[in-house]
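Q: Whatever this is, show me its structure:
(one chain, ligands or ions: 1)
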Amino acid sequence: MVPDRPLEPGPPRLSGLPPGINATFPSAPPAPGPRVPVPPPAAPASLSVQRINGTDYVDVAAFFARLGLRAIGTPGGTRATFQGGGHRADLEGGEREMTLDNLKVFLGEPALLRTRVLYVSRIDAEKLLRPILAPPRLAAPRVIVLDPGHGGGDPGMQNRTLGLDEKKLTLDVAQRLKPLLEARGWRVVLTRSDDRELSPVKAIDLLRRSELANREHADLFVSIHFNSVAPDTRTSGTEVYRFPPQFQRSATSWGAGQDDDAERHASPVNRNDAGSAVLAYSLQRSLLASLGTVDRGQKLKHLGVLRGLDCPGVLVECVFLSSDTEARRASAPAYRQQIALSLAEGIAAYAAQVSPAP
Ligand SMILES: [Zn+2]
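A: Down below sits the predicted model:
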């Protein structure tokens, strides 16, 4: 399960801003530069930005056209499909859920249909869609930090019927994944190699995991978890989380009665939003292809374990321990090896995309 307890005190939130007051988007002080150079986002003047209800939006057809995708089918209605360059995108006005190459991705802001034009937020366009469709060129990864979730006094999620503790499964998957990555030439560091937590205080435990990654000069970080919605035993599937870009709210804050939890200030991990989007997408694709699980999508959450990272980082919820079927599968070493293999494939796919061989 996702350890989402934020470090306190939390950064100021946007919810108190009066309507119409821009969240300082163009004029906010830029976050410090990324560890590796990222090409500046191509933002040609002719791609006009519309301010709608305090959020900057771009015409999605014009945006996709620059990446080689064209609308297919009959224009009109709330749904639109774009294709080109080996990619396909399906969006719907008013919805945050979309698909990219048939994988479920959640936008930070709902797509918007206005006078027959479909818009996506500028942040989604630049921090999510463009990186996945036209990956940024980054330095080749050398050091990978794997984070087996929970440990010690924190067992994580449990399936008492089968006697499963999340903390043991995450460590087992990380220990299976380590040699697979080392065989591909990467240096691999685990945030823990036995049954321990890095601090009994959860917020400090999560912070120490990202600090360890930064100390090791990690080029990417993957936090490994198993999900649960007990007592529901039927929900199943795979989710991948990334930290919301500055000014975007988490997936859970879109629910009825939820506060807008968007953060005014960038966190360290936000310097690597583009890389995190590509990493999340690569892992999601690889896990689903290998495990055949339900696609629960790429989601956003202000996760304490990701916030302080100096590199791209994501958290994967492999399968549900509360699901009778998936928990039984996860209890088998061969299945955990399959999870490790698919994570290795996903990491390799990420590396190939951001740093193609010459
Ligand atoms: Zn967990």
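
Q: How is this protein divided into domains?
A: Residue ranges for the domains of the chain, per automatic domain parsing: 49-133, 143-354.

Q: Mean pLDDT lowest where, among the ones you listed?
A: Averaged per stretch, pLDDT over the domains of the chain is lowest on domain 49-133, reaching a mean of 93.

Q: wait, is residue 310 part of a strand?
A: No - membership of residue 310 in a strand is not supported by DSSP: H, G, I helix; E, B strand; the rest coil, which gives coil.

Q: tell me, how many neighbours does it end up with?
A: 21 (other Cβ atoms under 10 Å). C-betas here are computed from N, CA, C, even on glycine.

Q: can you offset everything so residue one is 96?
A: All right, first residue 96 from here; so that's residue 405.

Q: mind pulling up the phi and psi values for residue 206?
A: Note on residue 206: backbone dihedrals following degrees, to the nearest 10 are phi -60, psi 160.

Q: That one is in contact with residue 215, isn't it?
A: Yes - assessed by Cβ atoms under 8 Å, residue 206 is found in contact with residue 215 at 5.3 Å.

Q: can you pull the contacts of residue 336?
A: Going by Cβ atoms under 8 Å, 6 or more residues apart in numbering, residue 336 touches 97, 375, 393, 394, 395, 396, 398, 401, 409, 410, 411, 412.

Q: From residue 311, how far off is it?
A: Per Cβ to Cβ, to the nearest Å, residue 336 is found 22 Å from residue 311.

Q: what do you get for residue 372?
A: Distance, residue 372 to residue 311, by Cβ to Cβ: 23 Å.

Q: Settle it for me: which of these two has more neighbours?
A: Legend: neighbour count by other Cβ under 10 Å for residue 372 and residue 311, higher for residue 372 (25 against 17).

Q: ok, back up a step: packed most tightly, which of the domains of the chain would that be?
A: Among the domains of the chain, the stretch with the highest mean neighbour count (mean count of other Cβ atoms under 10 Å) is domain 238-449, at a mean of 20.

Q: now the end-to-end length of that one.
A: 15 Å (Cα to Cα, to the nearest Å).

Q: And for stretch 154-168?
A: Start and end residues of stretch 154-168 are separated by 18 Å (Cα to Cα).

Q: same thing with stretch 197-216?
A: End-to-end for stretch 197-216, by Cα to Cα: 21 Å.

Q: what's the answer for stretch 271-291, then?
A: One end of stretch 271-291 sits 18 Å from the other (Cα to Cα).

Q: Ok, stretch 167-180 next?
A: 13 Å.

Q: again with stretch 412-420
A: Termini of stretch 412-420 sit 16 Å apart (Cα to Cα).

Q: Please determine how far residue 254 is located from the ion.
A: For residue 254, the distance to the ion equals 13 Å [Cβ to the ion, to the nearest Å].

Q: again with residue 230
A: Distance check for residue 230 against the ion: by Cβ to the ion, it reads 28 Å.

Q: Check residue 213 too.
A: 36 Å.

Q: any idea which helix or strand comes after the helix or strand encompassing that residue?
A: When elements are assigned from DSSP states H and E, residue 213 belongs to strand 212-216. Downstream of strand 212-216, the first helix or strand assigned by DSSP H and E is helix 217-219.

Q: to the chain's geometric centre, what's the distance from that next one?
A: In terms of Cα atoms, centre = their mean, to the nearest Å, the centre of helix 217-219 is set 15 Å apart from its chain centre.

Q: which outside residues touch that helix?
A: The list of residues contacting helix 217-219 from outside it, by Cβ under 8 Å, 6+ apart, reads 120, 144, 151, 152, 153, 202, 203, 204, 340, 341, 342, 343.

Q: Please repeat the previous calculation with a cut-off of 7 Å.
A: With contacts defined as Cβ atoms under 7 Å, 6 or more residues apart in numbering, helix 217-219 is touched by 144, 151, 152, 153, 202, 203, 204, 340, 342, 343.

Q: partners of the strand or helix carrying the second one in the sheet?
A: I take that to be residue 151. Taking DSSP H and E as the definition, residue 151 sits inside strand 150-154. Its sheet considered, strand 150-154 pairs with strand 144-147 (antiparallel), strand 212-216 (antiparallel) by DSSP bridges.

Q: For residue 428, which non-adjacent residue is closest in space?
A: The spatially closest residue to residue 428, leaving aside those adjacent along the chain, is residue 267, at 7.6 Å (Cβ to Cβ, 6 or more residues apart in numbering).
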